[in-house]
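In: This is a predicted model, with the sequence first.
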Amino acid sequence: MKISLKYFGAFLSVLMAFASCNSKEKSQEETTAVAAKQTYSNPLDVAFGDPFILNDGDGKYFMYGTGGGAKDGFAAYSSDNLVDWKFEGQVYQGNTDDSWASKFFWAPEVYKIEGKYYMFFSAQWKVNPTNEEENFMIGVAVSESPTGPFIEMYDKPIFDPGYPIIDANVYWEGGKYYLYYSRACYKHPVESEVADWAKEKGWYEEIEESWVYGVELKPDFSGVIGEPVLCLRPPVKMDDAQAEWESRSVTKQEINRRWTEGSVIFKHEDTYYMMYSSNYYAGENYAVGYATSKSPLGPFTKAANNPVLELNTHKGGEVTGTGHNNIVFMDNGDMYCVYHGRTKESGQERVVFLDKMEIKPDGTLVVHGPTTTAQAMPIED
C-alpha cells in the first residue's frame, strides 16, 4: 500500500508529538522523584528516646538511643544520609553475670577514639545495699566496631559521687577528657521560690531537682580526677528569666520535680556551648535550652533566647515533648540537632527528629525546629 508523502509527514508529526508528550511526562516524573529524594520530613522512622548520632566518617552514620527494641541494653541503626536508617540489632547487652548494670538502660553515647568505639551509658547499679529505687550510675563499654559488640571495660561504674547520676556526655581537648552528667532528682529536694510557691498552692510539699555537673576523666576512663563541678541547675528565683520555661513541670502540675539533664557540650570559636533539657521527660513540656562559658567547666551563663526547642502545639503544630538532644557535626560545617519528641500519631511513643541548627554571627544558637514539613536533605560536601 502506498502512502503519500503528505500523509506520511502528518503521521510522523503525530508520533513525534506523542513521543514528546511521553518524554515530558517521564521527565516530570523523574524530576518529582529526584526532588522527593532531596527532601525529608520529621519524624524519622526510628522510635526511641535520647538519640545520639555518631559521624563515623566517609558518609557513614550510626545512631544509638534508649529503647528501640533492645532488651537490657542498646541497639544501633546505620545510615549514609542521616534520614534513611537500617536497624543493626542489639550492640550492647547488660544485666549479665559479668555486668555491673541490672536494668534501666538509658542514654548511650558512642565516641570514636584512636580507632576504637567507646559507649558511655546510664543504668541501675547492682550494688545497692540500701535498696534505693534509683541507684543509677554511668559506665563505659568498648568495641572494635560501631555495631558492637560493646564490652564493659570495668566491672563497676566509672565513679560513685554518692547520689544517682544519668545522661553521660564526654568532651575532650588538649589531652584532657571531661565527663558531664545529671544528678538525678531522686531524694534531692531543693529550696527555691518556685518550691515555696507550689507549697503555698497546696500542690507539692517539696520540689526535687536534677543538676548538671562536669568532672575531668582519667585517660583510661577508669575514674575521675578531682571533684565534680556544678555547671547548671534550675533557677532559684521566680523572676529569673529562665524560671518560667524550666519550671513548667511544676506550674503545669505534672510532677514535683524540675530537671536539668541531657547535657551536650561543644566548642564554637572560643566559646563553649552546653545544651540541656528541662521539665518532665515523659510530659509535653520537655524542652531544650543552652548556656555558654569560656571554660569547659564553667561558669555557664544561660542564653536569653531559651528555650531553643519546645512543643509547637500552641502554634498549630503537632509536636510535644522535645528534648534530650545531641548534635551531628557535618564535614562541611553544617550542624544538625537530633532529639526525640512526640506527635499526635506517635502518642506517648518517643520518635526521632532531625533539624538544622546554627550559630549566628552574634553567637546566638538557633534550632530550626521542631518541624514536620519537608526540608532539604542533609548534604555532606
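Out: All right, it came through fine.
In: Would you mind naming the residues that bridge with the residue lying closest to Gln375 once chain neighbours are set aside?
Out: Closest residue to Gln375 apart from its sequence neighbours, by CB to CB, 6 or more residues apart in numbering: Thr39 at 6.2 Å. C-beta: built from backbone N, CA, C; applies to glycine. In this entry, Thr39 is beta-bridged to Ala376, by DSSP bridges.
In: show me what contacts Thr39?
Out: If a contact means CB atoms under 8 Å, 6 or more residues apart in numbering, then Thr39 has Ala374, Gln375, Ala376, Met377 as its contacts.
In: Against Tyr92, how distant is it?
Out: Using CB to CB, to the nearest Å, one obtains 34 Å as the distance from Thr39 to Tyr92.
In: Mind listing what's buried along stretch 362-374?
Out: Neighbour-count burial for stretch 362-374, counted by 16 or more other CB atoms under 10 Å, picks out Leu365, Val367, Gly369, Pro370, Thr371, Thr372.
In: ok, now stretch 80-97?
Out: For stretch 80-97, the buried set under the neighbour-count rule, 16+ other CB under 10 Å, comprises Leu82, Val83, Trp85, Glu88, Gln90, Val91, Tyr92, Gln93, Gly94.
In: Then stretch 287-300?
Out: Buried residues in stretch 287-300 (16+ other CB under 10 Å): Ala287, Val288, Gly289, Tyr290, Ala291, Thr292, Ser293, Pro296, Leu297, Gly298, Phe300.
In: and it, how far from the chain's centre?
Out: With CA atoms, centre = their mean, to the nearest Å as the basis, stretch 287-300 stands 17 Å off its chain's centre.
In: contacts for stretch 210-220?
Out: The set of residues external to stretch 210-220 that reach it, using CB under 8 Å, 6+ apart, is 158, 161, 165, 170, 176-185, 188, 223-234, 257-261, 263, 265, 274, 276, 296-298.
In: and the strand ranked longest in the chain, average pLDDT?
Out: Using DSSP state E, we find that the single longest strand of the chain is strand 319-329. Averaged across strand 319-329, the pLDDT comes to 97.
In: In the stretch 201-350 of the chain, what residue spans correspond to strands?
Out: Remark: strands of the stretch 201-350 of the chain, listed N- to C-terminal, are 208-209, 211-217, 224-232, 257-258, 260-268, 271-278, 287-293, 301-302, 319-329, 335-343; assignment by DSSP state E, counting those that start in this stretch.
In: Go through the ones you listed and name the closest to Ala241.
Out: Of all the strands of the stretch 201-350 of the chain, it is strand 301-302 that lies closest to Ala241, at 7.7 Å by CB to CB.
In: Turn the contacts of Thr39 into TSV, including pLDDT and distance to Glu132.
Out: Converted to TSV, the contacts of Thr39 look like this (pLDDT from 0 to 100; distance: CB to CB, whole Å):
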residue	pLDDT	distance to Glu132
Ala374	96	47
Gln375	94	44
Ala376	94	48
Met377	95	46
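In: picking that back up, a markdown table for the buried residues of stretch 80-97, including secondary structure?
Out: As requested, the buried residues of stretch 80-97 are exported to a markdown table (DSSP: H, G, I helix; E, B strand; the rest coil):
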| residue | secondary structure |
| --- | --- |
| Leu82 | coil |
| Val83 | coil |
| Trp85 | coil |
| Glu88 | strand |
| Gln90 | strand |
| Val91 | strand |
| Tyr92 | strand |
| Gln93 | strand |
| Gly94 | coil |
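In: Is it possible to get JSON lines of the residues you listed that adds pLDDT?
Out: Conversion of the buried residues of stretch 80-97 to JSON lines gives the following (pLDDT from 0 to 100):
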{"residue": "Leu82", "pLDDT": "97"}
{"residue": "Val83", "pLDDT": "97"}
{"residue": "Trp85", "pLDDT": "97"}
{"residue": "Glu88", "pLDDT": "97"}
{"residue": "Gln90", "pLDDT": "97"}
{"residue": "Val91", "pLDDT": "98"}
{"residue": "Tyr92", "pLDDT": "98"}
{"residue": "Gln93", "pLDDT": "97"}
{"residue": "Gly94", "pLDDT": "97"}
